[in-house]
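Trainee: the following comprises the amino acid sequence and a computationally predicted model.
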There are 2 protein chains.
Amino acid sequence: MKIRAPIEGKILRENDRIAGGLRDAFARRGLLCLNFISAPGSGKTALLERTLTSLPAGTRAAVLTGDIQTDNDARRIARAGFPVRQISTGGICHLDAAMVERALAGWDLDAIDVLFIENVGNLVCPTSFDLGEHAKIVLLSVTEGEDKPEKYPGIYRRAELVLITKADLLPYVEFDLARARALAASIHPAIQQILVSSRSGEGMEQWLEWLAARVKSAAAAPVEVHG
Amino acid sequence: MKIRAPIEGKILRENDRIAGGLRDAFARRGLLCLNFISAPGSGKTALLERTLTSLPAGTRAAVLTGDIQTDNDARRIARAGFPVRQISTGGICHLDAAMVERALAGWDLDAIDVLFIENVGNLVCPTSFDLGEHAKIVLLSVTEGEDKPEKYPGIYRRAELVLITKADLLPYVEFDLARARALAASIHPAIQQILVSSRSGEGMEQWLEWLAARVKSAAAAPVEVHG
C-alpha cells in the first residue's frame, strides 16, 4: 500500500513503541523470539513443523502464525503438540506489534523458552515492522530463483539468517546456489546462511545448532527492565 | 502497510481515476492489457520470456515489468526483442496506475497489440490496484503448495485466469493439483485454469490460445471514448 511518508512514519513510530514493550517483556524472561519472513510457499510452516518435532526434550516452544485468511498453518503446527495461535490479518499484508501483543494476551510468557512468529507470506511489507523479535530470519526456497536477495534487499539487510529451503529440489531446478549465497552476502556481509530441506532433513542439524545457541544466549541474559 | 481506511480509500480513488484513463486509452486503440500477479519466484518472467518467443509472427507485444529493485527482469525480457520498460518502485510493494502511466509516456500505443504488465512479486498488495488492465492473471507455482488460493483469496476473486506454473516439477513435490483447482474454483467459480511449464512447454498451446482469443476480441472492439 503506497502511503504518504508522514503517515507511514507515524504508523511505524507507534509500532516501534509497542514492539519496544514486547522486546522488554521477552528480555525480562529470557525468552527468545524469532520472526520468520518469506514469500508465500517458501516453506515456513514445513520448517516450523520439522523444527518443533526436532527440538531437544524439554524445550518450551510456542508459535504465532500470521495469515491473510484461514487457520490452516496453525492447525498444521498444532499437531506438533506445542501451543500455537493464529493471527488472521483480514487482508493486511504483514503482522504488526499490536497484533502480536493481542495474540499473546493470556499466555504465560514465563513458561516459554522460544517464540516462533511466522509472518504473512510477503517479502516486502513485513520487513518494516518490528515485532520485538531478537532476530528476523528470511527463507529463500531454491524454486524461487537465486536473484531474490537482489530484488528484495530490504529483508536481507535486516535478517540475521537466511535459510535456503527445499534443498531436496536442487537437482530439478536451475538454481545457482553459489550466486544466491554471494548475492545475500553482498547485501548483508554478516548474514548467516544455512541450506536446509524440511523434507529430507538436510541441514536441520546446523539450523538446530544455530537455534540452540540463540535460545541459550537469550536465557542466559535476562535483562532487568524498568517499567 | 496498514493504514487508516479513509486514507486508503482516497489513494484507491485517485488510482482508479488514473486507471480509468489508461483503460480508455487501451480501449480506443484495441490494445489488450494483462496484469500478471504472483508470489516472488512463481515464474512470471520465465512465462513472459517463453510467451514472447512463441507469439504468432507480427504480434506487436510490449512489456512493463515492476520490481522493488533491479532491472534484471527487464533485461531478461528484452532478449526476446520486444519493447520493455522497467518500473522500479523503490520499496513500494505493488504497481499503481500512475507508475504505469509514467512508464508508457513516449510509447506509441497504436503500435502495440498486447501489453503485458509484470507486477511486483506479491500476492497481497497488487490486488487492490487497478492498472486499467483488461484482466488480471494470477500465477501459482506447484512448489508453493495447493493451499494458496484459500490463503490469498483476494487475487483469486479478481483474476480471470490462474496459470498453474512449473508443471515439470509436479513429480518432485507434494502438490495436490485437484485440490488446488477446486480451491481456486470455490473462491471464484468463473476463473479459468491452465497448467503450464515454461521449461517443458506443457500447456503453452492452451495458454497461447487463451491469449490469442483475448487479443482478437480487444482488437475487434476498439471503443469510442469521449475526452
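Mentor: Perfect, thanks for sending it. Numbers count the residues shown, from 1 in each chain, chains lettered A, B, ... in the order given.

Trainee: and the residue nearest the centre of chain A, how close does it get to chain B?
Mentor: In chain A, the centroid-proximal residue (C-alpha atoms, centre = their mean) is residue A:36; its distance is 1.4 Å. Distance, residue A:36 to chain B, by C-beta to the nearest C-beta, to the nearest Å: 15 Å. Every residue, glycine included, has its C-beta placed from N, CA and C.

Trainee: can you tell me what sits against the helix or strand hosting that residue?
Mentor: Taking DSSP states H and E as the definition, one finds residue A:36 inside strand A:32-37. Here strand A:32-37 makes contact (C-beta atoms under 8 Å, 6 or more residues apart in numbering or on different chains) with A:22, A:26, A:44, A:47-48, A:113-119, A:122-123, A:126-127, A:131-139, A:155, A:159, A:214-215, A:218-219.

Trainee: so which of those are also by chain B?
Mentor: Of the residues in those, proximity to chain B by C-beta under 8 Å from any C-beta of the partner chain holds for A:122-123.

Trainee: and residue A:178, how many neighbours does it have?
Mentor: Counted with other C-beta atoms under 10 Å in any protein chain shown, residues neighbouring residue A:178 total 8.

Trainee: just the buried residues of the one helix or strand it maps to, please?
Mentor: Mapping residue A:178 onto the secondary structure by DSSP H and E places it in helix A:177-187. Across helix A:177-187, burial judged by 16 or more other C-beta atoms under 10 Å in any protein chain shown covers A:180-181, A:183-185, A:187.

Trainee: mind listing the helices for chain A?
Mentor: In chain A, the helices defined using DSSP state H lie at A:5-29, A:44-54, A:72-78, A:97-104, A:148-151, A:153-158, A:177-187, A:204-220.

Trainee: just the C-alpha atoms of the last one, please, in PDB.
Mentor: This points to helix A:204-220. The C-alpha coordinates for helix A:204-220 follow below in PDB (Å, rounded to 0.1, in the frame of the first residue of the first chain):
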ATOM      1  CA  MET A 204      18.500 -29.400  10.000                       C
ATOM      2  CA  GLU A 205      21.300 -30.200  12.400                       C
ATOM      3  CA  GLN A 206      23.100 -27.000  11.600                       C
ATOM      4  CA  TRP A 207      19.900 -24.900  11.900                       C
ATOM      5  CA  LEU A 208      19.000 -26.600  15.200                       C
ATOM      6  CA  GLU A 209      22.500 -25.800  16.500                       C
ATOM      7  CA  TRP A 210      22.100 -22.100  15.500                       C
ATOM      8  CA  LEU A 211      18.700 -22.100  17.200                       C
ATOM      9  CA  ALA A 212      20.000 -23.800  20.400                       C
ATOM     10  CA  ALA A 213      22.800 -21.300  20.700                       C
ATOM     11  CA  ARG A 214      20.300 -18.400  20.400                       C
ATOM     12  CA  VAL A 215      17.900 -19.900  22.900                       C
ATOM     13  CA  LYS A 216      20.800 -20.400  25.400                       C
ATOM     14  CA  SER A 217      22.100 -16.900  24.900                       C
ATOM     15  CA  ALA A 218      18.600 -15.300  25.400                       C
ATOM     16  CA  ALA A 219      18.000 -17.400  28.500                       C
ATOM     17  CA  ALA A 220      21.400 -16.600  30.000                       C
END
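
Trainee: residue A:124 and chain B, how far apart?
Mentor: 4 Å.

Trainee: tell me the contacts of that residue?
Mentor: Going by C-beta under 8 Å, 6+ apart, residue A:124 touches A:93, A:152, A:154-155, B:68, B:91, B:93, B:120, B:122, B:125.

Trainee: for these, name the two members farthest from one another.
Mentor: Maximum pairwise distance among the contacts of residue A:124 (C-beta to C-beta): 15.0 Å, between A:155 and B:125.

Trainee: the two: which has the busier surroundings?
Mentor: residue A:155 (27 against 24).

Trainee: for the more buried one, which residues are in contact?
Mentor: A:37, A:123-124, A:126-127, A:136, A:138.

Trainee: could you dump those residues to TSV with pLDDT?
Mentor: Formatted as TSV, those follow (pLDDT from 0 to 100):
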residue	pLDDT
A:37	98
A:123	95
A:124	94
A:126	97
A:127	96
A:136	98
A:138	98
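
Trainee: show me which of the residues you listed is closest to residue B:10.
Mentor: residue A:124 (21.8 Å).

Trainee: returning to that earlier point: I'd like to know which of the contacts of strand A:32-37 are buried.
Mentor: The buried subset of those (16+ other C-beta under 10 Å) comprises A:22, A:26, A:44, A:47-48, A:113-119, A:122-123, A:126-127, A:131-139, A:155, A:159, A:214-215, A:218.

Trainee: ok, back up a step: which of the helices of chain A sits closest to residue B:165?
Mentor: Of all the helices of chain A, helix A:148-151 comes closest under C-beta to C-beta, at 16.3 Å.

Trainee: next one: stretch A:117-127 to chain centre, how far?
Mentor: Remark: stretch A:117-127 is offset 8 Å from the chain centroid, using C-alpha atoms, centre = their mean, to the nearest Å.

Trainee: restrict it to CA atoms and write it as CSV.
Mentor: C-alpha atoms of stretch A:117-127 as CSV (Å, rounded to 0.1, in the frame of the first residue of the first chain):
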residue,chain,number,x,y,z
ILE,A,117,6.5,-15.9,14.7
GLU,A,118,5.5,-17.0,11.2
ASN,A,119,4.8,-13.7,9.4
VAL,A,120,2.4,-13.3,6.4
GLY,A,121,3.8,-14.7,3.2
ASN,A,122,5.3,-11.5,1.7
LEU,A,123,8.9,-10.4,1.1
VAL,A,124,8.1,-6.7,1.2
CYS,A,125,5.7,-5.4,3.8
PRO,A,126,6.7,-7.4,6.9
THR,A,127,10.2,-6.1,6.6
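
Trainee: please tell me how far the residue lying closest to residue A:80 once chain neighbours are set aside sits from residue A:208.
Mentor: Distances taken as C-beta to C-beta, 6 or more residues apart in numbering or on different chains put residue A:52 closest to residue A:80, at 3.8 Å, once the chain neighbours are dropped. Distance of residue A:52 to residue A:208, computed by C-beta to C-beta, to the nearest Å: 11 Å.
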